[in-house]
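**Q** below are the sequence and a predicted model for it; my questions follow.
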Amino acid sequence: MVAGGSAEGGAPGEPAALLREATKVVSGLQEQVARATIFLPAYDQRLSSDTVVSLHEAIAKARRRVCPKPAFSFKTRKSGARVSRV
């Protein structure tokens, strides 16, 4: 973790910044697991891959809980931007 704040912006303790940082860490772990597969037995490969997947799912669940998607709504058009019909 970066002590002074996230490299992508946001406050140091902001949940979205922390989730971005966690995603980067888990992605790095996933790359290490991928590189180590030639050295690991099949059971350990599956266990490592399942662990990485469960970490990604936990981060996604936390992201949905902390930063929910905004509700869909139609945007109002400006009155000066009318389209003429032929």
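**A** Noted; the coordinates are in hand.
**Q** now do stretch 57-65: distance to the chain's middle.
**A** Here the centre of stretch 57-65 is set off from its chain's centre by 8 Å, with C-alpha atoms, centre = their mean, to the nearest Å.
**Q** buried ones in it?
**A** Residues I59, R63 are the ones in stretch 57-65 that count as buried (16 or more other C-beta atoms under 10 Å). (Glycine included, C-beta is placed from N, CA and C.)
**Q** what mean pLDDT does stretch 42-51 have?
**A** Averaged over stretch 42-51, pLDDT sits at 95.
**Q** which outside residues touch that stretch?
**A** Residues external to stretch 42-51 that are found in contact with it (C-beta atoms under 8 Å, 6 or more residues apart in numbering): V33, A36, T37, L40.
**Q** any idea which of those residues has the most stuff around it?
**A** V33 (17 neighbours; other C-beta atoms under 10 Å).
**Q** wait, that residue sits on V52?
**A** Yes. With contact defined as C-beta atoms under 8 Å, V33 and V52 form a contacting pair (5.8 Å).
**Q** re earlier: ok, of the contacts of stretch 42-51, which one's closest to S73?
**A** Proximity of the contacts of stretch 42-51 to S73 (C-beta to C-beta) peaks at V33, which lies at 41.4 Å.
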